[in-house]
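A.B. asks: I would like the atomic coordinates for the input below:
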Amino acid sequence: MASKHPLKVLISYASADREKARKLHAFLKQQGADPWLDVEDLLPGQDWKMEIHRALEDTDLVLLCLSKHSISREGYVQKEMRLALDRALEIPPGEIFLIPGRFEDVDPPYSLRDYQYVDLFVESGMKRLVQSLNLRAERVKAAPLSIDNPPPDLKTAKKERAAPRKNSNPPAATEIHIHGDVTGSNIIIGDDNHVTNKKGAK
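C.D. replies: Numbers count the residues shown, from 1 in each chain. This is a model prediction of the structure:
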């Protein structure tokens with residue numbers, strides 16, 4: 001019995017999300033898929049537009065990676081999205097072929113409103129992605145993916161404000177010398193933590 005071919009997954013993304021796309025590519029490869037990513041699979045001298053068209057025609061599934069970069073800027077990623085949508089029209093209704101995957105919390109474009117998206121920045125979303133890929137693998141007679149490897153961290157890093165540093169050494173006691181008659185006066189003595197109000201005495 002012939003062995004099944006690995007599921008072919010074309011990853012479409014914005015150039016600003018290249019590192020996240022690389023992590024996603026590595027993860028899918030570890031699970032047993034055959035992901036296609038331009039920066040990993042294009043060879044020097046190849047016509048990249050022609051190769052992307054070829055990969056799109058040959059793929060079992062397209063994973064459109066959505067972020068603020070891919071949905072709000074002009075560029076080839078917009079053309080890839082339209083090409084993927086056109087290719088999806090050739091697939092029988094009800095089949096999984098195009099999956100919008102969010103790298104961050106953004107609203108998918110109107111053109112993808114009919115497709116259920118998946119959040120790639122949470123672990124449960126990555127598990128759901130593998131489930132969808134396995135459904136597609138079953139339909140195209142491809143090898144199923146495993147779920148043995150932990151998903152990569154695709155969350156957008158947030159800069160945390162550093163907490164103010166506390167001085168572990170209390171300030172040394174300060175001596176105050178007062179000259180003259182202070183009868184009836186208020187003397188305020190203290191630091192950042194303790195304040196003492198004393199009535200002056202002769």
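A.B. asks: for the longest helix seen in the chain, which positions count as buried?
C.D. replies: For the chain, the helix with the greatest residue count under DSSP state H is helix 123-139. Using 16 or more other CB atoms under 10 Å as the test for burial, helix 123-139 gives 125-126, 128-130, 132-134, 136-137, 139. Just so you know, the C-beta spots here come from the backbone N, C-alpha and C atoms, and that holds for glycine as well.
A.B. asks: Just name the closest of those residues to P150, please.
C.D. replies: Nearest to P150, judged by CB to CB, of those is M126 at 8.9 Å.
A.B. asks: Show the contacting residues for the closest one.
C.D. replies: M126 makes contacts with 27, 120, 151, as judged by CB atoms under 8 Å, 6 or more residues apart in numbering.
A.B. asks: For the first one, which three-state class applies?
C.D. replies: Counting by DSSP: H, G, I helix; E, B strand; the rest coil, the backbone at F27 sits in helix.
A.B. asks: list the contacts for it?
C.D. replies: 126, 149, 151-152.
A.B. asks: Give me the buried subset of those residues.
C.D. replies: The neighbour count (16+ other CB under 10 Å) marks 126, 151-152 as buried among the contacts of F27.
A.B. asks: Give me the three-state assignment for L43.
C.D. replies: L43 is classified as coil under three-state DSSP.
A.B. asks: Switch the contacts of F27 over to CSV; also include pLDDT.
C.D. replies: CSV is the format used below for the contacts of F27 (pLDDT from 0 to 100):
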residue, pLDDT
M126, 92
N149, 72
P151, 78
P152, 80
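A.B. asks: Identify the farthest-apart pair in those.
C.D. replies: Going by CB to CB, the pair spanning the contacts of F27 furthest: M126 and N149, at 10.2 Å.
A.B. asks: pLDDT below threshold where in the chain?
C.D. replies: Counting by pLDDT under 70, the chain shows low-confidence ranges at 1-2, 73-77, 156-202.
A.B. asks: Only the buried residues of stretch 99-117, if you could.
C.D. replies: Residues of stretch 99-117 classed as buried: 99-104, 108, 112, 115, 117 (neighbour count, 16+ other CB under 10 Å).
A.B. asks: Check those residues and tell me the two furthest apart.
C.D. replies: The span of the buried residues of stretch 99-117, defined through CB to CB, is set by E104 and Y115 at 17.7 Å.
A.B. asks: With S15 as the reference, measure out to I99.
C.D. replies: In this view, I99 and S15 are 20 Å apart by CB to CB, to the nearest Å.
A.B. asks: Quick one: residues contacting E123.
C.D. replies: The neighbours of E123, taking CB under 8 Å, 6+ apart as the test, are 150-151.
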